[in-house]
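Visitor: I would like the atomic coordinates for the input below:
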Amino acid sequence: MQMLSNKPKPMTAKDIRFKKNFRQTVFALLYYSILSGLAVVMVIPFVWMFSTSLKDAGAVFTFPPQWIPNPVVFRNYVDAWNSVPFGRFYLNSIIVAVSVTAGQLFTASLAAYAFARLQFPGRDKLFLAYLATMMIPGQVTMIPVFILLRTLGWIDTYQGLILPHIFTTYGTFMLRQFFLTIPKELEEAATIDGCGPFRIYWQIILPLCKPALATLGTFIFLGSWNDFMWPLIVTNSMEMKTLTVGLASFQGLYNTEWTLLMAASMIVLAPVLIVYIFNQRFFVQGIAMTGLKG
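Guide: Predicted coordinates:
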């Protein structure tokens, strides 16, 4: 009888639910703790950059590090803007980034529509060959493209900065995967109503692809805005330099004006944050919906 009385009691449904909820709570806390730690690690460089941009030149390398500037020097932003033709750099970067983004969205969406919807001989093989170009490093084609632009007289011009980058294999692949998720019945109904292929593409396909276009547009804008190597090679005069190349003006052979460099970097970072915040909801939606079929 004593042995029978020591047997563990069977777990009730309430106990099972409590144990399950407790386990889920522990996992959730661990998960969000890890994410919070990673977020802090990612934010620290930006906090340090902002802090340095407000410091006096002699307080940059003090030890222990000074996170809160004392005194706060807002003059660094004015000096950074006036020490080089920053307004011109800004204008050049905006023109190049917006033009490259618009050009890539147009050409990639046209190519993606052709590969996803139009029927022609060798379509799939041509698409695979097109994707194979992603394996070619950009450094391989840089010199031939530069020689071609020099022959055309496009060195140190907007054409040389923009036109070589208005085509994208990755964007074509991404939009093609999204186009494949759109029901073909919509196109069939439009064809019955007398719409041609381009009108279907322009008035039916594109309006349904805003999440994918916004996602791709964000990637393209960020890549073009942060591009350094190609503007460095193609531009010669100060009037045609972009922001990324202009930032190098704050780094001399023997010393670097760190406070001005960090202030200029904060100014350069502002449009990137605005574009990302504006497109964030489309960005998440596009990532979730792209590649579901194909």
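Visitor: So the residue nearest in space to the middle of the chain, which state does it fall into?
Guide: Here the mean C-alpha position of the chain is nearest to the C-alpha of residue 219 (Cα atoms, centre = their mean), at a distance of 3.1 Å. Classification of residue 219 by DSSP: H, G, I helix; E, B strand; the rest coil places it in helix.
Visitor: How many neighbouring residues does residue 122 have?
Guide: When neighbours are counted by other Cβ atoms under 10 Å, residue 122 registers 8. To be clear about C-beta, it is placed using only N, CA and C from the backbone, and glycine gets the same treatment.
Visitor: what does residue 260 give?
Guide: By other Cβ under 10 Å, the residues close to residue 260 number 22.
Visitor: and what of residue 63?
Guide: Residue 63: 5 neighbours (other Cβ under 10 Å).
Visitor: ditto for residue 89
Guide: Applying other Cβ under 10 Å, I find that residue 89 has 25 neighbouring residues.
Visitor: Residue 235 now?
Guide: Residue 235 has 19 nearby residues by other Cβ under 10 Å.
Visitor: same deal with residue 64?
Guide: Residue 64 has 5 neighbours, counted by other Cβ under 10 Å.
Visitor: helix/strand/coil for it?
Guide: Applying three-state DSSP: residue 64 is coil.
Visitor: next one: phi and psi at it?
Guide: The phi/psi pair for residue 64 (degrees, to the nearest 10) reads phi -70, psi 160.
Visitor: Any stretches of the stretch 51-200 of the chain with poor pLDDT?
Guide: Within the stretch 51-200 of the chain, not a single segment meets pLDDT under 70.
Visitor: what ranges do the helices span in it?
Guide: 75-83, 86-117, 123-132, 138-152, 158-162, 169-179, 184-192, 197-200 (DSSP state H, counting those that start in this stretch).
Visitor: Report all helices and strands that the longest one contacts.
Guide: Okay, so that is helix 86-117. Applying 3 or more Cβ pairs under 8 Å, 6 or more residues apart in numbering; DSSP states H and E, we find helix 86-117 packed against helix 123-132, helix 158-162, helix 169-179, helix 197-200, helix 210-225, helix 243-247, helix 258-289.
Visitor: can you check the first one too?
Guide: Under the contact definition 3+ Cβ pairs under 8 Å, 6+ apart, helix 75-83 sits against helix 258-289.
Visitor: Tell me which of the helices of the stretch 51-200 of the chain sits nearest to residue 223.
Guide: Across the helices of the stretch 51-200 of the chain, residue 223 has its closest neighbour in helix 86-117 (8.3 Å, Cβ to Cβ).
Visitor: circling back to that earlier point, looking at the helices and strands packed on helix 86-117, spot the one closest to residue 105.
Guide: helix 210-225 (5.8 Å).
Visitor: buried sites along the closest one?
Guide: 211-225 (16 or more other Cβ atoms under 10 Å).
Visitor: what's the answer for stretch 256-264, then?
Guide: Buried residues in stretch 256-264 (16+ other Cβ under 10 Å): 257-264.
Visitor: what's the spacing between the residue nearest to the centre of the chain and residue 190?
Guide: 29 Å (Cβ to Cβ, to the nearest Å).
Visitor: that older thread, and which of the buried residues of stretch 256-264 is nearest to residue 186?
Guide: Scanning these for proximity to residue 186, where the rule is Cβ to Cβ, the winner is residue 264, at 48.5 Å.
Visitor: circling back: of all the helices and strands packed on helix 86-117, which lies closest to residue 66?
Guide: helix 258-289 (12.4 Å).
Visitor: Show me what the closest one is packed against.
Guide: helix 13-53, helix 75-83, helix 86-117, helix 210-225, helix 243-247.
Visitor: Tell me which of those helices approaches residue 64 most closely.
Guide: helix 13-53 (13.1 Å).
Visitor: Check residue 284 and give its pLDDT.
Guide: The model reports residue 284 with a pLDDT of 61.
Visitor: ok now do residue 164, which residues does it touch?
Guide: 145, 149, 230 (Cβ atoms under 8 Å, 6 or more residues apart in numbering).
Visitor: Also residue 171?
Guide: 104-105, 108, 112, 216, 219-220.
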